[in-house]
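Student: Sequence first, then the predicted structure:
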Amino acid sequence: MSHSHLIEADRRHLIHPVVNYRSHESRGVTVLASAHGMFLRDASGKELFDAFSGLWCVNTGYGHASIVEAAARQMTKLPYATGYFHYGSEPAIQLAALLAEKSPTSLQRVYFTLGGSDAVDSAIRFITHYYNGTGRPSKKQFIALERGYHGSSTTGAGLTALPAFHRHFDLPLSTQHHIPAPYAYRANYANDAELIGASVAALESKVVELGADNVAAFFCEPVQGSGGVIVPPVGWLKAMRDACRRLDILFVADEVITGFGRTGPLFACDAEKVEPDLMTVAKGLTAGYAPMGAVLMSETVYRGIADADAVAPVGHGQTYSAHPVSAAVGLEVMRLYHEGRLLANGVARAPQFAAELEALREHPLVGDARHRGMLGALELVADKASKRRFDPALGLPERIAAAAYENGIAFRAFADGILGFAPALLMSADECDILFARLRKTLDDVLMQADVRAAVRDKASADEFA
């Protein structure tokens, strides 16, 4: 198809995720054609620095021949193997064993999914089965965080606490509840300890409200991704895990975004030596080269499910669970993280990434910079003193995205003026310089727009940049 025919075919036939359908029809698609390393190229020939790793997932960067070769070898040898009827494949078994070895020690059982959303959905089903099978059928209430993201499955989207995922979908369910996010920039706590204490108290209060015998689990992201890269203080994750143990509810770490080196260690839980009861992963597991996610499960939860019925099967599965090609890709990606030193490079590059984000606090549009490892955000505000957001009618995220494209950079511009960044772990020092040169140019270009500049309260600072 020609470029114009592709755009028209997309407009007529392809439904895109998380987009306003009519707006997309009007705008038209940007067709991505190729990629290598840190860079994308679209069908018009425009080069874009990918500062978001696709969708938080291409942690290795694009174009690793060894990953492609691993997939090709497996497709030639055994392109599909069902996990039903007691069948399995070598790469899936090897990857499960490797994940058990590298994950927090509490997690020794692995169920493979197609991605993050169905990993969360699978976790919810496993938890429900576990409590029913162990004689505690009243434990049906789930607690998560405001601004949290746990996928867009029929059930998981209710644990997600973002309005677009609830609107017209009859969510959240009556069994799904949310407590405040550890959002330091939008809170008034004196210090980190006070914020951590408030989160623990909110969880305890919600469990008391619902009844301890009725609460099944608490789900959280170690760093909230799609909610605006909300980075809790060090110690928060461990405190919440410890609270769950005291409250006798399961602690589920959603590491779909934070896993596989995104925050530094292989898993964010490792930094605080947190051992979840269950953990969901995806994205960086295969670096986006093939679809795959997983639920990692403690022996206690596995035993409760396994011993619930001596004969009947556990009625949960998917056709493509433990797909051998995806597993082969996952094995090679894991090799690159460790033997290929991608994890080490991410750790080495994180201070430069953090320093560049922090330096942008001086920009008239920027109210906050936050980061952990190779995950970061800028929060744009009209008034730094009051932290007042820009009027949504100004359409700032759309303007930022358009300017970013013109400047050859791709990142996430959230609806409430937060910009998200998640560059690949292979990023070099020079490439980090490119990222922030293009980002600063993007912010400056948007500030030059008269109505944006007029909306900034600090007129002297805005005019100086203009």
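Tutor: Happy to help now that I have it. Numbers count the residues shown, from 1 in each chain.
Student: and Gly420, how many neighbours?
Tutor: 21 (other Cβ atoms under 10 Å). For the C-beta atoms, the positions are set from N, CA and C on the backbone; glycine is no exception.
Student: Just want the phi and psi numbers for Gly235.
Tutor: Taking degrees, to the nearest 10, you get phi 100, psi -20 for the backbone angles of Gly235.
Student: Ok, Tyr111 next?
Tutor: Backbone torsions for Tyr111, taken as degrees, to the nearest 10, come to phi -120, psi 120.
Student: How about Ile179?
Tutor: Taking degrees, to the nearest 10, you get phi -120, psi 160 for the backbone angles of Ile179.
Student: pretty sure it is touching Ala201, no?
Tutor: No. Ile179 lies out of contact with Ala201 (Cβ atoms under 8 Å); the separation is 9.4 Å.
Student: The two: which is more packed in?
Tutor: Per other Cβ under 10 Å, whichever of Ile179 and Ala201 has more neighbours is Ile179, with 24 against 12.
Student: Give me the spatial nearest neighbour of the more buried one, chain neighbours excluded.
Tutor: The shortest distance from Ile179 to any non-neighbouring residue, by Cβ to Cβ, 6 or more residues apart in numbering, is to Ala202 (4.2 Å).
Student: domain parsing for the chain?
Tutor: As given by automatic domain parsing, the domain ranges for the chain are 31-63+341-465, 66-338.
Student: so which of the ones you listed gets nearest Val18?
Tutor: domain 66-338 (6.8 Å; Cβ to Cβ).
Student: And the closest one, end to end?
Tutor: 14 Å (Cα to Cα, to the nearest Å).
Student: follow-up on the earlier one: okay, and the residue nearest to Ile179 sits in which element?
Tutor: Element membership for Ala202 (DSSP states H and E) is helix 192-210.
Student: same check, this time on Leu425
Tutor: Leu425 belongs to no helix or strand, assigned by DSSP H and E.
Student: Give me whichever of the domains of the chain is most buried.
Tutor: Burial of the domains of the chain is given as mean neighbour count (mean count of other Cβ atoms under 10 Å); domain 66-338 ranks first at a mean of 20.
Student: And the helices in the stretch 351-466 of the chain?
Tutor: 396-406, 429-447, 450-455, 459-465 (DSSP state H, counting those that start in this stretch).
Student: So what touches the longest one?
Tutor: Under the contact criterion Cβ atoms under 8 Å, 6 or more residues apart in numbering, helix 429-447 has outside partners 37-38, 49, 51, 349, 352-353, 356, 359-360, 363-366, 396, 399-400, 403-404, 406-409, 411, 421, 423, 427, 452-453, 456, 462, 465-466.
Student: could you dump the domains of the chain to a markdown table with distance to Tyr21 and mean pLDDT?
Tutor: Shown next, in a markdown table, are the domains of the chain (distance: least, Cβ to Cβ, whole Å; pLDDT from 0 to 100):
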| stretch | distance to Tyr21 | mean pLDDT |
| --- | --- | --- |
| domain 31-63+341-465 | 16 | 95 |
| domain 66-338 | 12 | 97 |
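Student: Distance to Leu14 for those domains - can I get that in JSON lines?
Tutor: Shown next, in JSON lines, are the domains of the chain (distance: least, Cβ to Cβ, whole Å):
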{"stretch": "domain 31-63+341-465", "distance to Leu14": "11"}
{"stretch": "domain 66-338", "distance to Leu14": "17"}
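Student: For the spatially most central residue of the chain, list the residues it contacts.
Tutor: In the chain, the residue lying closest to the centroid (Cα atoms, centre = their mean) is Ile257, at 2.9 Å. Contacts for Ile257 were tallied using Cβ under 8 Å, 6+ apart; they are 56, 149, 221, 223, 225-226, 283, 375, 422.
Student: Give the helix, strand or coil label for it.
Tutor: coil (DSSP: H, G, I helix; E, B strand; the rest coil).
Student: Same check on Thr263?
Tutor: In three-state terms, and counting by three-state DSSP, Thr263 is coil.
Student: do you know how far the residue nearest to Pro392 when sequence neighbours are not counted is from Arg147?
Tutor: Counting by Cβ to Cβ, 6+ apart, Pro392 lies nearest to Ala415, which is 7.7 Å off, once chain neighbours are set aside. Plainly put, Ala415 is 12 Å away from Arg147 if you go by Cβ to Cβ, to the nearest Å.
Student: One more: Trp236?
Tutor: For Trp236, the distance to Arg147 (Cβ to Cβ) stands at 14 Å.
Student: outside of the helix holding Ala202, which residues touch it?
Tutor: Contacts for helix 192-210 (Cβ under 8 Å, 6+ apart): 141, 143, 177, 179-180, 182, 184, 187, 189, 215, 218, 232-236, 239-240, 243-244, 247, 249.
Student: And the next helix or strand past it?
Tutor: strand 215-220.
Student: Which strands and helices lie in contact with that following strand?
Tutor: Judged by 3 or more Cβ pairs under 8 Å, 6 or more residues apart in numbering; DSSP states H and E, the packing partners of strand 215-220 are helix 116-133, strand 141-145, helix 192-210, helix 236-247, strand 250-254.
Student: Can you add distance to Val295 and give these back as CSV?
Tutor: Listed next are the helices and strands packed on strand 215-220 as CSV, based on distance: least, Cβ to Cβ, whole Å:
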stretch, distance to Val295
helix 116-133, 5
strand 141-145, 15
helix 192-210, 22
helix 236-247, 17
strand 250-254, 9
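Student: Nearest to Ser2, out of these?
Tutor: helix 116-133 (34.1 Å).
Student: quick one: that closest one to strand 215-220, angle?
Tutor: Interaxial angle of helix 116-133 relative to strand 215-220 (axes from the mean of the first three to the mean of the last three Cα atoms, to 10 degrees): 160 degrees.
Student: which other residues reach helix 116-133?
Tutor: Outside helix 116-133, the residues that touch it by Cβ under 8 Å, 6+ apart are 111, 113, 137, 139-140, 142, 150-157, 159, 216-217, 219, 250, 252, 254, 256, 278, 280-283, 293-295, 297, 301, 304-305, 307-309, 314, 316, 318.
Student: switch to 6 Å and redo it
Tutor: With contact meaning Cβ atoms under 6 Å, 6 or more residues apart in numbering, helix 116-133 is reached by 113, 139, 150-153, 155-156, 216-217, 250, 252, 256, 278, 280, 282, 293, 295, 301, 304-305, 308, 316.
Student: Just checking the distance from it to the centre of its chain.
Tutor: 19 Å (Cα atoms, centre = their mean, to the nearest Å).
Student: before we move on, back to that, between the domains of the chain, which one is closest to Asn20.
Tutor: Evaluated with Cβ to Cβ, these place domain 66-338 nearest to Asn20, the distance being 9.5 Å.
Student: Assumed Arg12 was part of a helix.
Tutor: Yes. Counting by three-state DSSP, Arg12 is located in a helix.
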